[in-house]
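[1] the following comprises the amino acid sequence and a computationally predicted model.
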Amino acid sequence: MRHALLFASGSIALATVVACATSSSEEDARPAPPSDDAGESTVSEPERPADAGAPVEDANVQPPSSCNAVGWCATALPDTNLVLRDIWPLEEGAFALAESSTLGTKVLEWTESTKSWAYIDDDSQNAYGSGHYVGKIWAPSENELYYSTGPSLIYHGTRGSSSAPFSWESTRLEYDGPGVDPEKDTQYASQLSKKDVPSIGVWGTSAEDVYAWYANRIFRRTRVDGGATEWVPEYREAVTTTPQRSFYFLGAAGSSPDEIWFVSSGSRCTALIRRTPDGYKRVMDSCLSAGSLPVLYQHFSSIWQGAAWATSVDSPRPGMAVILLADNTFIHVDMAGAGVARLNQIVTPGLGVGRGDRKLKSVWIDGEHVWLGGWGVVLDVENKLDAWAQGLGVSPPSTVPDGGATFSISSVALDGVRLDKQVYQVRGTSNDNLWAVGTGYALHKKTP
C-alpha cells in the first residue's frame with residue numbers, strides 16, 4: 001500500500017523525537033509541490049542539534065510521563081511510529097487520526113479517566129485502494145465520529161455507549177475535477193494541495209449538520225426522499241483544464257448551522273466560501289473574483305495578490321474568519337458592514353518556523369487566545385481582532401505596534417529538549433483542555 005508519508009524504519013518514541021530527528025525527512029517523502037508554491041519566509045531558523053542525523057535504536061521507549069513547566073504533558077501512544085495529523089477533543093476524551101508507515105491509516109481514542117489511547121477503527125480503511133493519506137476528523141459526540149482518508153473516502157462510526165465498539169460505514173465521494181482519476185492516482189489530493197493539507201475533510205456543527213469536501217466540491221450529509229442518508233454535492237469550485245490551476249478545498253470552520261466557512265486554494269490564490277441559510281457565497285478571493293472582497297495588504301489600501309496556500313481556518317465569532325497561510329501570514333475577514341479582508345504578517349524571529357515546510361500549520365481560537373502550531377512550537381497569541389482588521393499582525397513584545405498583538409511561546413519542550421518535529425494540529429475544547437499532535441506524539445495541556 002502506498003502512503004503520502006514514509007518514515008524511518010523502526011518505532012520512534014517521543015523521548016527520541018524531542019532529542020533528535022530521524023534521517024528520513026517528511027519533506028522528502030511527500031510529493032513535490034506544484035511549481036506555483038509559496039515563496040520562502042524571511043524568518044530565521046535556529047541551528048539543528050549536532051546529533052540531528054543520529055539513528056533511532058530503542059524501539060520500546062515510552063514517552064516521558066512528566067509535564068513541562070507550562071503544563072504540556074506527553075501521552076503514551078499504542079505505537080510509536082504514528083504521525084497524528086488531526087485531533088478532535090472532547091471534555092473527557094479525544095479522537096485522533098494518524099498515518100503510519102507500517103499500520104496505514106489509524107483512528108485512536110483518548111480516555112481521560114484511564115489516561116490511555118486505544119485504536120477504535122476496524123482496519124477496513126486500509127483495504128486495497130484505501131487509506132493512502134488522511135484528511136480531517138470530527139465528532140458530534142463521544143459515540144459518533146467521522147473521518148476522511150484518501151482517496152475520497154468518508155468514514156462514519158457509531159456506537160451504543162462509550163464502552164461498546166464502533167460500527168463503521170464508508171462512502172466514496174464523487175469526483176468532479178480536472179484530468180486525474182482519484183481512484184488511480186492515490187496521491188491526487190496531496191499533490192494538488194501542497195503536501196500537508198490534503199483536499200479531503202469533514203466538519204459539522206451537530207449530528208444533523210455535517211459537511212465533507214473533496215478536491216473542488218462540498219458535500220452535505222442529507223436524507224434523500226425519506227430514505228437513507230447520502231453525501232449530496234452542494235457547491236463546487238470552477239473546473240479548469242489544468243489541475244495545478246484549479247481550486248481545492250482545504251478546511252472548514254463554524255459554530256452554528258447559520259454560518260460555515262470553507263477555505264480553498266489554487267491558481268496562486270486563496271478564496272473563502274461562506275454558507276448561510278441563503279446558500280453559498282464566495283466572500284473573499286485574493287484573485288479578485290467579481291463580487292468578492294479583495295485582500296488588502298496589511299494596513300495599507302493596496303491590494304495583495306500574493307501566492308500563498310491556505311493551511312487552516314477558524315472563526316473567532318459570527319461574521320468573522322481567520323485564514324492561516326503557508327508563508328506565516330494570515331487573512332482576517334470581517335463581514336460587518338461593507339466587509340474587509342486584510343493580510344497580516346506573523347513575525348516570529350528565531351523560532352525555526354520559516355524555511356521550507358517549517359511553517360505554521362494550524363490555528364485554533366478560544367476567547368482571548370489564538371493558538372498557532374508550527375515546527376516544534378506552539379504560540380499563544382493575543383486575540384486582537386480590531387488590530388487585525390487594520391493589518392497590524394503579530395509581533396514580538398519588543399516590536400509590537402500600538403494596539404497590535406504579541407505572542408508568548410507555549411513551550412512544548414520536554415525534559416529540557418526542544419521538540420524538533422512538526423506540530424500538525426493544535427485544538428481544544430477550551431484554553432485549559434488543549435491538544436498538540438504530530439509525528440510520534442500527542443501532547444495534552446489542562447492548565448490555563
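    Ah, there it is.
[2] number of residues surrounding Ser163?
    By other C-beta atoms under 10 Å, 6 other residues sit near Ser163. In this view, the C-beta of every residue, glycine as well, is placed from N, C-alpha and C.
[3] quick one: the helices in this structure, in order.
    14-17, 26-29, 188-192, 385-389 (DSSP state H).
[4] and stretch 393-400, average pLDDT?
    Averaged across stretch 393-400, pLDDT comes to 91.
[5] just stretch 201-216 next, same as before
    Averaging pLDDT along stretch 201-216 gives 95.
[6] and that stretch, C-alpha only, in CSV?
    C-alpha atoms of stretch 201-216 as CSV (Å, rounded to 0.1, in the frame of the first residue of the first chain):
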residue,chain,number,x,y,z
GLY,A,201,-12.1,16.5,5.0
VAL,A,202,-15.2,16.5,7.2
TRP,A,203,-16.7,19.1,9.5
GLY,A,204,-20.1,19.7,11.2
THR,A,205,-21.9,21.8,13.8
SER,A,206,-24.2,19.0,15.1
ALA,A,207,-25.1,15.4,14.3
GLU,A,208,-27.7,16.7,11.9
ASP,A,209,-25.5,19.2,10.2
VAL,A,210,-22.4,17.5,8.7
TYR,A,211,-20.3,18.5,5.6
ALA,A,212,-17.5,16.9,3.7
TRP,A,213,-15.2,18.2,0.9
TYR,A,214,-13.0,16.5,-1.7
ALA,A,215,-11.0,18.3,-4.3
ASN,A,216,-13.2,21.1,-5.7
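[7] buried residues in it?
    Going by neighbour count (16 or more other C-beta atoms under 10 Å), the buried part of stretch 201-216 is 201-205, 209-216.
[8] who's in contact with the closest residue to Met284 other than its chain neighbours?
    Leaving aside its chain neighbours, Met284 sits nearest to Leu272 (4.0 Å; criterion: C-beta to C-beta, 6 or more residues apart in numbering). The contact partners of Leu272, by C-beta atoms under 8 Å, 6 or more residues apart in numbering, come to 261-264, 282-285, 313, 321, 323, 331, 333, 341.
[9] quick one: His444 and Ala94, what's the gap?
    His444 sits 8 Å away from Ala94, going by C-beta to C-beta, to the nearest Å.
[10] what about the two, which has more around it?
    Under the neighbour definition other C-beta under 10 Å, His444 and Ala94 were set side by side, and Ala94 has more, 27 against 22.
[11] partners of that one in the sheet?
    For Ala94, the beta-bridge partners are Pro89, Trp110 (DSSP bridges).
[12] if I read this right, it contacts Leu434, doesn't it?
    No - between Ala94 and Leu434 there is no contact under C-beta atoms under 8 Å: 10.4 Å.
[13] give me every residue that touches the closest residue to Ser302 other than its chain neighbours.
    Closest residue to Ser302 apart from its sequence neighbours, by C-beta to C-beta, 6+ apart: Leu296 at 7.0 Å. Counting by C-beta under 8 Å, 6+ apart, Leu296 touches Ser302, Ile303, Trp304, Val340, Ala341, Arg342, Leu343, Gly391.
[14] mind listing what the fifth one touches?
    It stands for Ala341. By C-beta under 8 Å, 6+ apart, Ala341 lies in contact with Leu272, Met284, Leu293, Pro294, Val295, Leu296, Ile331, His332, Val333, Asp334.
[15] same check, this time on the last one
    Contact criterion C-beta under 8 Å, 6+ apart gives Leu296, Tyr297, Gln298, His299, Phe300, His332, Arg342, Leu343, Asn344 as the residues in contact with Gly391.
[16] one more: the fourth one?
    Contacts of Val340 were listed using C-beta under 8 Å, 6+ apart, and they are Leu293, Leu296, Val333, Asp334, Ala389.
[17] low pLDDT regions in the stretch 301-448 of the chain?
    By pLDDT under 70, the low-scoring segments of the stretch 301-448 of the chain are 350-358.
[18] coming back round to it: dump the contacts of Val340 to TSV, plus distance to Glu169.
    Output for the contacts of Val340, formatted as TSV (distance: C-beta to C-beta, whole Å):
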residue	distance to Glu169
Leu293	39
Leu296	45
Val333	36
Asp334	40
Ala389	44
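[19] most surrounded residue in those residues?
    Of all the contacts of Val340, Val333 has the most neighbours under the rule other C-beta under 10 Å, reaching 26 neighbours.
[20] tell me how far that one lies from Gly254.
    Using C-beta to C-beta, Val333 is found at 13 Å from Gly254.
[21] OK, contacts around the closest residue to Pro401 other than its chain neighbours?
    Excluding the flanking residues, the one nearest Pro401 by C-beta to C-beta, 6+ apart is Leu392, at 5.5 Å. By C-beta under 8 Å, 6+ apart, Leu392 lies in contact with Gln298, His299, Asn344, Lys384, Pro401, Gly403, Gly404, Ala405.
[22] ok, Arg159 - contacts?
    Applying C-beta under 8 Å, 6+ apart, we find Arg159 in contact with Asn143, Glu144, Pro165, Phe166, Ser167.
[23] could I get the contacting residues of the fourth one?
    Pointing back at Phe166 there. Ile120, Asp121, Asp122, Leu145, Gly157, Thr158, Arg159.
[24] next one: the last one
    Applying C-beta under 8 Å, 6+ apart, one finds that Ser167 lies in contact with Gly157, Thr158, Arg159.
[25] quickly list what it is bridged to.
    Ser167 has these beta-bridge partners by DSSP bridges: Thr158.
[26] how far away is it from Ala207?
    Per C-beta to C-beta, Ser167 is found 15 Å from Ala207.
[27] between the contacts of Phe166, which sits nearest Arg317?
    Lowest distance from Arg317 to the contacts of Phe166 (C-beta to C-beta) belongs to Leu145, with 27.0 Å.
[28] that closest one: neighbour count?
    A count of nearby residues for Leu145, using other C-beta under 10 Å, gives 25.
[29] just confirm it contacts Gly157, I think it does.
    Yes - Leu145 is within contact range of Gly157, at 4.5 Å (criterion: C-beta under 8 Å).
[30] rewinding a little: can I get the buried part of the contacts of Leu392 as one PyMOL selection?
    Buried residues among the contacts of Leu392 (16+ other C-beta under 10 Å), as a PyMOL selection:
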select buried, resi 299+344+384+404+405
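[31] tell me which of the contacts of Leu392 fall in strands.
    Among these, the members found in strands (DSSP state E) are Asn344.
[32] in a markdown table: the contacts of Leu392, plus distance to Asp278.
    Formatted as a markdown table, those follow (distance: C-beta to C-beta, whole Å):
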| residue | distance to Asp278 |
| --- | --- |
| Gln298 | 32 |
| His299 | 32 |
| Asn344 | 29 |
| Lys384 | 30 |
| Pro401 | 38 |
| Gly403 | 34 |
| Gly404 | 35 |
| Ala405 | 33 |
